[in-house]
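Colleague: Could you work out the structure for the sequence below:
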Amino acid sequence: MGAGGELVDAKEKVASQRLSLLELAQALGNVSEACRQRGMDRTSFYEYKRRFQTHGLEGLKDLPPVHKTHPMTTPQAVVDRIMALSVEQPAWGCDRLSDMLKLDGVSVSSPTVQNILIKHGMGSKYDRLLKLEEKAEKEPITLTADQVRLIEKANPCYRERHVESSRPGELLSQDTFYVGQLKGVGKVYLQAVVDTYGSLAFGFLHTSKLPACSVAVLHNDALPFYRKKGIAVNAVLTDNGREYCGTETHPTSSTWP
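Modeller: Presented below is the predicted three-dimensional model:
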């Protein structure tokens, strides 16, 4: 008999020995005693019993070894596609990514997509936006308006880093910030003007957000400083809030006390 036949006989012999253990336990009516006589632990006994009830005598044979590579492992090409798509669309969740992959003929469940993203440090929307920002800094790619909006929302400093000027006074950036509420005073706001070239800043605190306050910090602090230094101010960048635009009836510096 060849080696293959000897292997089959060995498997059947092992299965018969395990079956005899089950039969002995049934005859004695005592699992512990049957295990003691055959030198078997109770855990293995119940495992063989379950396998016999499910698969018969075949279930009592030794199981084949587990492969080192899982047959259900997601192909690397699919992983790469998931990573690329999640960077292109950082706001998409795992359900939408899974649906989009199905349109390309790739079937990957949303839990699998989520596991892959977590494994690569991109499990949250914020993580994916950071990856996109890092990619934009290292590679010559053009971000879409929606990508820029999402990055700026997650990281306000991104907008500041991408406003460039070649000299002092070329571009001033102005905005209004809510500071807090002081007892006996009320709400307090900060009008801030920052030079985008060197980050020189001017500030003015007041209890309102009226246009007169935004005008005051420019005309009383920022512009006189540059005029004294002999530096021309070319432009002031704002977010077009109500305090920076409107009709001629808005309060101006001429009405400021």
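Colleague: which element is the nearest residue to Leu28 once chain neighbours are set aside on?
Modeller: Excluding its sequence neighbours, the residue lying closest to Leu28 (CB to CB, 6 or more residues apart in numbering) is Ala34, at 5.4 Å. Any C-beta I mention is one placed from the backbone N, CA and C, and that applies to glycine too. Take DSSP states H and E as the rule and Ala34 turns out to sit in helix 31-38.
Colleague: Just the pLDDT for the residue nearest the centre of the chain.
Modeller: Nearest to the mean C-alpha position of the chain, by CA atoms, centre = their mean, lies Ser124 at 2.2 Å. As predicted, Ser124 sits at a pLDDT of 82.
Colleague: what's the spacing between it and Ile151?
Modeller: Distance, Ser124 to Ile151, by CB to CB, to the nearest Å: 14 Å.
Colleague: thinking again about what came up before, contacts for the helix holding Ala34, please.
Modeller: 17, 20-21, 24-25, 28, 40-42, 45 (CB atoms under 8 Å, 6 or more residues apart in numbering).
Colleague: Stretch 166-186 now?
Modeller: 160, 163, 165, 187-198, 200, 205, 207, 209, 214, 217-218, 222, 226, 231-239, 241, 243-244.
Colleague: Quick check: buried residues in that stretch?
Modeller: Neighbour counts over stretch 166-186 (16 or more other CB atoms under 10 Å) mark 168-176 as buried.
Colleague: which residues of the stretch 101-250 of the chain score low on pLDDT?
Modeller: Per-residue confidence for the stretch 101-250 of the chain (pLDDT under 70) gives these ranges: 141, 152, 154-164, 245-250.
Colleague: now the strands: where do they sit in it?
Modeller: Applying DSSP state E, counting those that start in this stretch to the stretch 101-250 of the chain gives strands spanning 171-182, 186-195, 201-206, 235-237.
Colleague: Tell me which of those strands sits nearest to Trp92.
Modeller: With CB to CB, the closest approach to Trp92 among the strands of the stretch 101-250 of the chain belongs to strand 171-182: 30.6 Å.
Colleague: could you check the angle strand 186-195 makes with the closest one?
Modeller: Using axes from the mean of the first three to the mean of the last three CA atoms, to 10 degrees, the inter-axis angle of strand 171-182 relative to strand 186-195 is 160 degrees.
Colleague: chain center to strand 171-182: distance?
Modeller: Distance, stretch centre to chain centre, for strand 171-182: 30 Å (CA atoms, centre = their mean, to the nearest Å).
Colleague: May I have the strands that pair with it, each with its orientation?
Modeller: Partners of strand 171-182 in the sheet, by DSSP bridges, are strand 186-195 (antiparallel), strand 235-237 (parallel).
Colleague: and those, which is most packed in?
Modeller: Highest mean neighbour count among the strands paired with strand 171-182 (mean count of other CB atoms under 10 Å): strand 186-195, with a mean of 18.
Colleague: I'd like the mean pLDDT over the helix ranked longest in the chain, please.
Modeller: Using DSSP state H, we find that the single longest helix of the chain is helix 3-28. Averaging pLDDT along helix 3-28 yields 78.
Colleague: repeat for stretch 79-90
Modeller: Average pLDDT, stretch 79-90: 86.
Colleague: Ok, stretch 38-46 next?
Modeller: The average pLDDT for stretch 38-46 rounds to 86.
Colleague: Which residues in stretch 47-58 does the neighbour count mark as buried?
Modeller: 48-49, 51-52.
Colleague: What are the contacting residues of stretch 233-243?
Modeller: Residues outside stretch 233-243 that contact it (CB under 8 Å, 6+ apart) are 163, 169-176, 193, 196, 209-211, 213-214, 218, 222-223, 226, 244-245.
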